[in-house]
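In: no letters, just coordinates:
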Ligand code: F6R
């Protein structure tokens, strides 16, 4: 728990930079799972500053993003592809062909094959060294929304097309301007791939995250609170939380 969001962000960036260095030293590359949203924006600012200062390089890094709206054009400023270009990819020395974001333009009939290919690419890359996560106010990770599935079934969900939960759509008004304009579906990395990452960093800041942080860490282990499944792999999960987001942890 950090006194403020800036300190939590700095710790996230430090840990990411360290994992990049360690993975590159150990196996010649680092494979990062990345998140979008408001929470990690300043993490990417920090990483870009490290690259400018010459203390971090993405030369040997491959990235896979958690999710993308579906359907959406990559050039659409609301797409997660354009978010990533803006906040990270255009500011660091990452090879464009190693920056993977699920493709919001694949034809409907090809989404399952595209999603399966995304999982195969990550597996072929040796899995994720690190997955950076944020938490939705409904507990979602990626766009794995609250579910009635048993924990085991939910934990093995692959990358796929999903419908967005009402709370997620409400929160997306920030990006889309109105509820009617929110694209109601998305492609998301599945829980299986997220939980398989060798390190998971969960960054949660702000008082609006306090109730769900407490439910995820202290409430029942259930697919109805997707982030509670992080407790099944607790030894490799680090929660980076500011005091306002930790307020209901007791
Ligand atoms: C984003 C993602 C989402 C967000 C979550 C929190 O790629 O997968 O799960 O991490 O919705 O979003 P913010 O940071 O905007 O509160």
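Out: That came in fine, so what should we check first? Model, not experiment: these values are computed from the prediction. Numbers count the residues shown, from 1 in each chain.

In: the spatially most central residue of the chain and the ligand: what is the separation?
Out: Averaging the C-alpha coordinates of the chain gives a centre point, and the residue nearest to it by C-alpha atoms, centre = their mean is residue 35 (2.9 Å). Per C-beta to the nearest ligand atom, to the nearest Å, residue 35 is found 4 Å from the ligand. Using the backbone N, CA and C atoms, a C-beta is placed for each residue, glycine as well.

In: near the ligand, which residues of this structure?
Out: By C-beta under 6 Å from any ligand atom, the part of the chain that sits against the ligand consists of 35-39, 66-67, 134-136, 140-143.

In: let's have those in a markdown table, adding distance to residue 59, pLDDT and secondary structure.
Out: Conversion of the residues of the chain next to the ligand to a markdown table gives the following (distance: C-beta to C-beta, whole Å; pLDDT from 0 to 100; DSSP: H, G, I helix; E, B strand; the rest coil):
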| residue | distance to residue 59 | pLDDT | secondary structure |
| --- | --- | --- | --- |
| 35 | 22 | 99 | coil |
| 36 | 23 | 98 | coil |
| 37 | 26 | 98 | coil |
| 38 | 29 | 98 | coil |
| 39 | 26 | 98 | coil |
| 66 | 23 | 99 | coil |
| 67 | 26 | 99 | strand |
| 134 | 27 | 99 | coil |
| 135 | 31 | 99 | coil |
| 136 | 33 | 98 | coil |
| 140 | 33 | 99 | coil |
| 141 | 29 | 99 | strand |
| 142 | 27 | 99 | coil |
| 143 | 30 | 99 | coil |
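
In: out of the residues you listed, the closest to residue 202 would be?
Out: Distances from residue 202 to those, taken as C-beta to C-beta, are shortest for residue 135 (6.4 Å).

In: surely that closest one and residue 204 touch.
Out: Yes: taking contact to mean C-beta atoms under 8 Å, the distance of 5.1 Å between residue 135 and residue 204 places them in contact.

In: need the residues touching each of the two.
Out: 212-213 (C-beta atoms under 8 Å, 6 or more residues apart in numbering).

In: circling back to that earlier point, out of the residues of the chain next to the ligand, which are buried?
Out: 35-37, 39, 66-67, 134-136, 140-143 (16 or more other C-beta atoms under 10 Å).

In: hey, where'd the helices end up in this protein?
Out: Under the criterion DSSP state H, helices of the chain are mapped to 5-27, 41-53, 80-87, 111-124, 151-155, 166-171, 173-176, 191-196, 210-218.

In: residue 234: which of those helices is closest?
Out: Of all the helices of the chain, helix 210-218 sits nearest to residue 234, with 9.7 Å by C-beta to C-beta.

In: ok, and for that closest one, which residues are buried?
Out: Buried residues in helix 210-218, counting neighbours by 16+ other C-beta under 10 Å, are found at 210, 212-217.

In: centre of the chain to that helix, how far?
Out: 18 Å (C-alpha atoms, centre = their mean, to the nearest Å).

In: I'd like the average pLDDT over it.
Out: When pLDDT is averaged over helix 210-218, the result is 99.

In: next, report how far stretch 199-208 is displaced from the centre of its chain.
Out: Relative to the chain's own centre, stretch 199-208 is displaced by 10 Å; criterion: C-alpha atoms, centre = their mean.

In: what of stretch 4-22?
Out: Using C-alpha atoms, centre = their mean, the distance between the centre of stretch 4-22 and that of its chain works out at 15 Å.

In: what residues sit buried inside that stretch?
Out: Of the residues in stretch 4-22, those buried (16+ other C-beta under 10 Å) are 5, 8-13, 15-17, 19-20.

In: how about CSV for those, with pLDDT added?
Out: Written out in CSV, the entries for those read as follows (pLDDT from 0 to 100):
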residue, pLDDT
5, 98
8, 98
9, 98
10, 98
11, 98
12, 99
13, 99
15, 98
16, 99
17, 98
19, 98
20, 98
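
In: quick one: residues contacting whichever residue of the chain sits closest to the ligand.
Out: Residue nearest to the ligand within the chain: residue 134 (2.5 Å; C-beta to the nearest ligand atom). If you count contacts by C-beta under 8 Å, 6+ apart, residue 134 has them with 35, 37, 39-40, 202-204.
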